[in-house]
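1. Provided below are the primary sequence and the corresponding predicted coordinates.
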Amino acid sequence: DSKFGALGSPYEECRAECVGLYLCNNEEVLRMFGFSGQEADDVAYINWLSMVSKGVEGMQTYNPHTKSWLQAHCRARYVIMRVLLEAGNMVEIKETTGEDGKPDLLITLDRSKILTFGRPVIGNFLLKLQVYKATGDIKAATELFDKYSEISNEGRYPFLKYWDIVMARKKPRRLFVMSNTVANGENVELQNYESSAEGMIQSWVDRFAADAQKVEEILINEWKKDKDYF
């Protein structure tokens, strides 16, 4: 980061994501995780499609007023999506109308071209990322990354217009609420909760009901230790 500065984090995230894409079709690697045959092909396809989808979705963290990215992962995935889109012949984004009658985006990826087209494209891009990083060529790295990070209405794909659609479709952040196990006679049952603030509180209450006073004392003591620093 002393050399690449603010570019360092999104650049490294992009390099890591490219490695993941490049290797996810490797049969030996897939077998290590228990996937083979058609199932392995499906896993690789979902990985590639997810990357493109997250690249579009990641525009939520872009500020068009300051022309700045607020999240390294999102910028990295957007760059990868742009690289694949620019190469043509495999990825497509089209404006459409959702079931609710509002503007939406349709993202398609031709899975038959992942190995023959997509993998070489990502491999070549990854090679550039690696060479620029290894040689400390911050000028070339910045020019490359800024080119694919840009969001405007110029060119075939009006990404600034897409940004409006993405923001209008933005959903609240999901809450992952811890389930609990409950003994019911000789059986153990799984108690699930709704993904909400209420569900999280109820999960906590049910989990620590027997030790509520002790847990509360621990939390208060920890708060007292930290309060002078926050």
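-> Arrived safely.
2. from now on I want contacts and neighbour counts done on CA atoms only, so please keep to that.
-> Will do.
3. so which helix or strand takes in the most centrally placed residue in the chain?
-> Nearest residue to the geometric centre of the chain (CA atoms, centre = their mean): K54, 5.1 Å. Counting by DSSP states H and E, the element that carries K54 is helix 37-57.
4. next, the buried residues of that helix.
-> 40-41, 43-45, 47-49, 51-57 (16 or more other CA atoms under 10 Å).
5. mind listing the helices for this structure?
-> 8-23, 27-32, 37-57, 72-87, 119-134, 138-149, 159-168, 197-207, 212-226 (DSSP state H).
6. right, and these - which one's nearest T96?
-> helix 159-168 (10.3 Å; CA to CA).
7. report the angle between the closest one and helix 37-57.
-> Computed by axes from the mean of the first three to the mean of the last three CA atoms, to 10 degrees, the angle separating helix 159-168 from helix 37-57 equals 100 degrees.
8. and helix 159-168, what does it pack against?
-> strand 103-109 (3 or more CA pairs under 8 Å, 6 or more residues apart in numbering; DSSP states H and E).
9. counting by contacts, list what the strand it packs on packs against.
-> helix 37-57, strand 91-97, helix 159-168.
10. what's in contact with it?
-> Strand 103-109 is contacted from outside by 49, 52-53, 90-98, 162, 165-166, 169, using CA atoms under 8 Å, 6 or more residues apart in numbering.
11. repeat that for stretch 17-35.
-> 36, 40-41, 43-44, 47-48, 76-77, 80, 115, 119, 122-123, 126.
12. and which of those is nearest F4?
-> Looking across the contacts of stretch 17-35 and measuring by CA to CA, the closest to F4 is A76, at 14.9 Å.
13. for the closest one, give its distance to S9.
-> For A76, the distance to S9 (CA to CA, to the nearest Å) stands at 9 Å.
14. which one of the two is surrounded by more residues?
-> A76 (29 against 17; other CA atoms under 10 Å).
15. skipping adjacent residues, who's closest to that one in space?
-> Of all residues not flanking A76 in the chain, C14 sits nearest, at 4.4 Å (CA to CA, 6 or more residues apart in numbering).
16. ok, back up a step: among the helices of the chain, which comes closest to N184?
-> Comparing those by CA to CA, helix 197-207 comes nearest, at 14.7 Å.
17. buried set for the closest one?
-> G199, M200, S203, W204, R207.
18. again, but for stretch 7-26
-> 7-15, 17-18, 21-22, 24-25.
19. extract the C-alpha set from that stretch and format it as PDB.
-> Output in PDB follows, covering the C-alpha atoms of stretch 7-26 (Å, rounded to 0.1, in the frame of the first residue of the first chain):
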ATOM      1  CA  LEU A   7      -5.700   1.700  -5.100                       C
ATOM      2  CA  GLY A   8      -4.000  -1.100  -3.100                       C
ATOM      3  CA  SER A   9      -7.100  -2.600  -1.500                       C
ATOM      4  CA  PRO A  10      -9.500  -2.800  -4.600                       C
ATOM      5  CA  TYR A  11      -6.500  -3.900  -6.700                       C
ATOM      6  CA  GLU A  12      -5.700  -6.800  -4.400                       C
ATOM      7  CA  GLU A  13      -9.300  -7.800  -4.100                       C
ATOM      8  CA  CYS A  14      -9.600  -7.800  -7.900                       C
ATOM      9  CA  ARG A  15      -6.500  -9.900  -8.200                       C
ATOM     10  CA  ALA A  16      -7.800 -12.400  -5.700                       C
ATOM     11  CA  GLU A  17     -11.200 -12.600  -7.300                       C
ATOM     12  CA  CYS A  18      -9.600 -13.200 -10.700                       C
ATOM     13  CA  VAL A  19      -7.600 -16.000  -9.300                       C
ATOM     14  CA  GLY A  20     -10.800 -17.600  -8.000                       C
ATOM     15  CA  LEU A  21     -12.500 -17.300 -11.300                       C
ATOM     16  CA  TYR A  22      -9.600 -18.700 -13.200                       C
ATOM     17  CA  LEU A  23      -9.200 -21.700 -11.000                       C
ATOM     18  CA  CYS A  24     -12.900 -22.500 -10.300                       C
ATOM     19  CA  ASN A  25     -13.100 -24.600 -13.500                       C
ATOM     20  CA  ASN A  26     -10.100 -26.700 -12.500                       C
END
